[in-house]
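Participant: here is the input, now give the coordinates:
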Amino acid sequence: MDRSSAKDLLFGELVISDKHVSTETGAYGEVRRATYGGLACAAKIFYCSDSNKEERVKIEFELQALNVFQHPNLVQCFNTAWYGEKERPILLMELLDESLLHFLNRKDCSIPYHLKVDLCKDIALAIKFLHLNGIVHGNLTGNNVLILKEVRAKVTDYWMTTIHRHGEKTDFTELPEKVSYMAPERMKDPQNVSVKSDSFSYGVIVSYIDTQSAPMPQKIVRPEQSPFTTIACQCLSEEPDRRPIFDDICMHLENLIDSNYVASAEEAQISGAEVIRSQLEKQLQDTNIKQTELQSMLKRMNDKVNHLQRDNDSLRIKLTESLKVMESCPEESGQTESPQVNKTNNSILKNDTQIFNLTFLSQYH
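Facilitator: Residues are numbered from 1 along each chain as shown. From the prediction side, this is the model:
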């Protein structure tokens, strides 16, 4: 593990592990698991490393300014630091479950309609918020949308224009996974980012969510006729001016919350309840099996206790008889017992001792 310099942090020690959050390294940096003041988080380590002191101040100022952005559909950022000998900038952010790309690829069945609407709406609300605050995302892809608990989408990497402005320039056309999300105007000039290029990238994501088919470079997979077709095709327009802004996109998505949406949500709730009921029944079944086993064990223990009790009662009777025989012996008169009496007493004591030893040993088996 690596430890950042404590002078760059305000509230605690930062420990960065060697484990990456995702197998995707990205164009601008890598994301690793970390702990900050004991809190699990993700650390985005940027590649740009040759900035002078003045550039460092600018980068840190702009990244810290992003920390004040609070929106339920944006990945929260909460601190910055500098990493390693090259002092690469680090952005600390909340740790989520998985990327949209991973979520869609691992699903072996179709995503329910209401969840498609919710995911599309979450992403649209996040981009709308960025645009209202004068920020163009410029790198919206399936890996830059993260999923929380399989029900909430959050947009990340919205600070990339800041790093891109101060760091190394990356040609997006060299990155196949990114190309399929790029608007046509950016294929000519990768630096030509705008709110309309974000709309195009969003159209690709909507198509991906609707069809659950990964977009291919230079060949956008457009959805068949569905409630998402209109908005996807508008966003994928070749002409930037014909693409909708996110105010209109959000309004369109609101209209998709209809009876079909309600029916899908209710069906998902019923399905979820059935899963929970099945789990509870399995737990109850396991509990009943354990209860039966415990009852059987208790019965065996009770039988053993009863057996020991009978042995003890028998031993008590034998000892009582032995004591009576011994008391009847003329100890004070100086008379000696006959050989037959001694033999009888010794035999009784020997048998009693054997019974006692057997009873004692049986308690430990």
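
Participant: for the chain, which segments are assigned as helices?
Facilitator: Here the chain has its helices, by DSSP state H, at 53-66, 100-106, 113-132, 160-166, 176-179, 184-188, 195-211, 229-235, 246-255, 259-327, 339-362.

Participant: wait, which of these is closest to Y47?
Facilitator: Distance to Y47, taken as C-beta to C-beta, is lowest for helix 160-166 among these, at 8.6 Å. For glycine as for every other residue, the C-beta is placed from the backbone atoms N, C-alpha and C.

Participant: relative to D286, how far out is M297?
Facilitator: Distance, M297 to D286, by C-beta to C-beta, to the nearest Å: 16 Å.

Participant: and N312, by the same measure?
Facilitator: Counting by C-beta to C-beta, the gap from N312 to D286 is 39 Å.

Participant: and these two? Which one has more around it.
Facilitator: N312 (13 against 10; other C-beta atoms under 10 Å).

Participant: how close does the more buried one get to S322?
Facilitator: 15 Å.

Participant: and the residue lying closest to N144 once chain neighbours are set aside, how many neighbours?
Facilitator: Take N144 and drop its neighbours on the chain: the residue closest to it by C-beta to C-beta, 6 or more residues apart in numbering is D157, 4.3 Å away. Applying other C-beta under 10 Å, we find 25 residues neighbouring D157.

Participant: you'd agree D157 is up against N139?
Facilitator: Yes. Assessed by C-beta atoms under 8 Å, D157 is found in contact with N139 at 5.4 Å.

Participant: which of the helices of the chain sits closest to G84?
Facilitator: helix 53-66 (13.7 Å).

Participant: list the residues that contact L104.
Facilitator: I111, G142, Y208, I209, Q212, A214 (C-beta atoms under 8 Å, 6 or more residues apart in numbering).

Participant: and those as a markdown table, adding distance to F78 and neighbour count?
Facilitator: Shown next, in a markdown table, are the contacts of L104 (distance: C-beta to C-beta, whole Å; neighbours: other C-beta atoms under 10 Å):
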| residue | distance to F78 | neighbour count |
| --- | --- | --- |
| I111 | 31 | 17 |
| G142 | 25 | 23 |
| Y208 | 30 | 24 |
| I209 | 29 | 24 |
| Q212 | 33 | 16 |
| A214 | 32 | 13 |
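
Participant: and W159, what's its pLDDT?
Facilitator: pLDDT, W159: 70.

Participant: I'd guessed it sits against C77; true?
Facilitator: Yes. In terms of C-beta under 8 Å, W159 counts as a neighbour of C77; the distance is 7.3 Å.

Participant: the more surrounded of those two?
Facilitator: Taking neighbours as other C-beta under 10 Å, W159 and C77 compare with W159 leading, 25 against 22.

Participant: ok, so what distance separates that one from Y202?
Facilitator: Taking C-beta to C-beta as the criterion, W159 is separated from Y202 by 18 Å.

Participant: just for this protein, where's the confidence low?
Facilitator: Along the chain, segments meeting pLDDT under 70 span 1-12, 22-28, 48-68, 85-86, 108-109, 160-177, 214-225, 272, 274, 330-365.

Participant: what sits closest to K121 if chain neighbours are left out?
Facilitator: Among residues not flanking K121 along the chain, L253 sits closest, at 4.6 Å (C-beta to C-beta, 6+ apart).

Participant: what does V206 give?
Facilitator: Distance criterion C-beta to C-beta, 6+ apart; nearest residue to V206, sequence neighbours excluded, is A232 at 4.5 Å.

Participant: my guess is the one you found contacts T211. True?
Facilitator: No. Contact criterion C-beta under 8 Å: A232 and T211 do not qualify, at 9.4 Å.

Participant: which one of those two has more residues nearby?
Facilitator: A count of neighbours by other C-beta under 10 Å puts A232 above the other of A232 and T211, at 24 against 18.

Participant: so how far is E98 from the more buried one?
Facilitator: The value you get for A232 to E98, if C-beta to C-beta is used, is 23 Å.

Participant: ok, now I90?
Facilitator: Computed as C-beta to C-beta, the I90 to E98 distance reads 22 Å.

Participant: ok, R310 next?
Facilitator: As judged by C-beta to C-beta, R310 and E98 stand 65 Å apart.

Participant: so which of these two has more stuff around it?
Facilitator: More crowded of R310 and E98, by other C-beta under 10 Å: E98, with 16 against 11.

Participant: would you agree that one is in contact with K149?
Facilitator: No. Assessed by C-beta under 8 Å, E98 is found out of contact with K149, at 10.4 Å.

Participant: can you list the domain ranges for this structure.
Facilitator: 2-257, 282-362 (automatic domain parsing).

Participant: and I123, how many residues sit next to it?
Facilitator: 26.

Participant: phi and psi next, for D157.
Facilitator: Main-chain dihedrals, D157, degrees, to the nearest 10: phi 60, psi 30.

Participant: look up how far K188 lies from it.
Facilitator: 23 Å.

Participant: next, the buried residues of stretch 133-143.
Facilitator: The neighbour-count check on stretch 133-143 (16 or more other C-beta atoms under 10 Å) flags I135, V136, H137, G138, N139, L140, T141, G142, N143 as buried.
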